[in-house]
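Enquirer: dropping a prediction and its sequence here:
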Amino acid sequence: MDNIFTPMLRSLSCSLTPDRHNGYPDFTGRRSRKALALVLGLTMMSIQGAWAQEFSFFSPADSFQQHRFWTSVGIGTAAYGITLVGLNEAWYADTDRTRFHTFDDWGEWRYMDKLGHIWTTYSETRWLTQGARWTGMDPVASRWTGTGIALALQTSVEVLDAFSAKWGFSWSDMGANLIGAGVFVTQDILWQEQRMLIKISSNPVSYSGETLIGTNGGTSSLRKRAHDLYGASFATQYLKDYNAMTIWMSINPASFLHQRPSWLPSWLNMAVGISGEHLYGGYANSWSEPEGGPFQADPNTYPRLTQIFLSPDIDLSRLPVKSPFWRTLLHGLNFVKIPAPALSLDSRGRWSGHWLYF
């Protein structure tokens with residue numbers, strides 16, 4: 001089906017061909033769909049922002065405004081329906097259907113997939129809650145509206161998986177989704193603000209092009225494997241490459257102090273991040289390709305690692321900006337960790353310093 005979402009879906013997917021590594025399915029297609037769960041939130045926010053610009057109001061209404069509410073409902077419903085139809089046609093139409101079943105992907109990608117779910121659902125909940133407040137809903141109603149819609153978006157994708165023979169409903173994914181929404185809701189209840197933001201960044205990886213010889217005489221490389229898994233474009237790598245992606249908890253120290261010292265800016269955050277390194281398969285760095293194989297990355301040269309980072313950050317929503325337009329824009333962009341110096345520790349106990357880490 002060709003519609004406005006088809007090019008977007010194709011650009012985000014890197015491969016729909018089943019592959020296997022070390023006896024486990026290669027869930028590249030599944031990961032592509034997970035990236036698209038965020039696309040719906042971004043689409044709804046962008047379209048709603050365009051309407052706001054058209055009517056020249058960016059500030060939340062002081063009281064409930066029916067025209068804003070029904071505009072949001074109409075746009076959101078249309079975006080939700082079109083996206084689900086697009087997902088179904090792009091990923092499920094050519095796959096065997098089965099009865100509802102579950103699927104255990106706990107531990108894949110050294111848990112980076114679960115962190116991605118937490119970030120996605122947290123971001124969607126925050127954006128959708130802000131959209132609800134824009135209509136003039138009271139804070140409590142806005143909070144639960146945003147939370148409910150965000151969880152519905154994520155659950156829809158899991159339900160589609162549940163009826164596909166290739167995948168299944170993942171309880172661990174749903175658990176991560178609940179954690180992401182819960183991080184937002186808990187802070188909104190306790191403080192009526194987000195003192196701890198969940199953010200994402202992506203540090204480009206230069207993959208080796210050295211030829212790998214498979215046991216059946218085929219050839220490949222880590223660069224080819226990474227492009228097959230994560231895609232070659234910036235957008236797909238940003239949302240999908242677990243070797244490049246870092247998920248951050250960005251904490252605002254000033255918001256926890258009763259009296260902020262003059263030397264501490266209100267917008268300055270400290271962030272703790274988690275990333276993966278040398279991940280070329282869900283559970284192991286071995287895989288097959290139609291041209292030959294199986295292939296395996298040398299575990300001594302390319303050990304599967306987890307990295308922990310410490311870095312300063314900026315809470316864009318706390319910058320002293322008066323314009324409602326720029327405040328709305330900065331709030332929307334506040335899911336990205338600002339590039340800054342960083343200190344890292346990997347799971348082998350090695351410390352590293354980075355002058356500028358993206």
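Expert: Yep, it's here.
Enquirer: ok, now how distant is Ile247 from Asp188?
Expert: According to C-beta to C-beta, to the nearest Å, Ile247 and Asp188 sit 20 Å apart. C-beta coordinates here come from the backbone N, C-alpha and C atoms, glycine included.
Enquirer: more neighbours, these two?
Expert: Ile247 (24 against 21; other C-beta atoms under 10 Å).
Enquirer: now do whichever strand or helix holds that one: distance to the chain's middle.
Expert: Taking DSSP states H and E as the criterion, Ile247 maps to strand 245-251. Distance of strand 245-251 from the chain centroid (C-alpha atoms, centre = their mean, to the nearest Å) equals 11 Å.
Enquirer: what helices or strands is that strand leaning on?
Expert: Where contact means 3 or more C-beta pairs under 8 Å, 6 or more residues apart in numbering; DSSP states H and E, strand 245-251 is packed against helix 112-134, strand 196-202, strand 268-277, strand 305-314.
Enquirer: tell me the strands beside that strand, with direction?
Expert: When pairing is defined by DSSP bridges, strand 245-251 lines up against strand 196-202 (antiparallel), strand 268-277 (antiparallel).
Enquirer: let me know the outermost residue of this structure.
Expert: Gly217 (37.3 Å; C-alpha atoms, centre = their mean).
Enquirer: in three-state terms, label that residue for me.
Expert: coil (DSSP: H, G, I helix; E, B strand; the rest coil).
Enquirer: surely it meets Gly292?
Expert: Yes. Contact criterion C-beta atoms under 8 Å: Gly217 and Gly292 qualify, at 6.0 Å.
Enquirer: thinking again about what came up before, winner for burial among the helices and strands packed on strand 245-251?
Expert: The highest mean neighbour count among the helices and strands packed on strand 245-251, using mean count of other C-beta atoms under 10 Å, belongs to helix 112-134: a mean of 25.
Enquirer: quick one, helices of this protein?
Expert: Under the criterion DSSP state H, helices of the chain are mapped to 6-12, 28-55, 66-87, 112-134, 139-162, 171-191, 222-230, 234-240, 324-332.
Enquirer: thinking Asp96 is in contact with Trp167, fair?
Expert: No. At 11.0 Å, Asp96 does not count as touching Trp167 under the criterion of C-beta under 8 Å.
Enquirer: those two: which is more packed in?
Expert: A direct count of neighbours by other C-beta under 10 Å for Asp96 and Trp167 places Trp167 higher, at 22 against 9.
Enquirer: just the pLDDT for the more buried one.
Expert: Looking at Trp167, its pLDDT is 81.
Enquirer: skipping adjacent residues, who's closest to it in space?
Expert: Using C-beta to C-beta, 6 or more residues apart in numbering and skipping residues adjacent in sequence, the residue nearest Trp167 is Asp161, 4.2 Å away.
Enquirer: much appreciated, bye for now.
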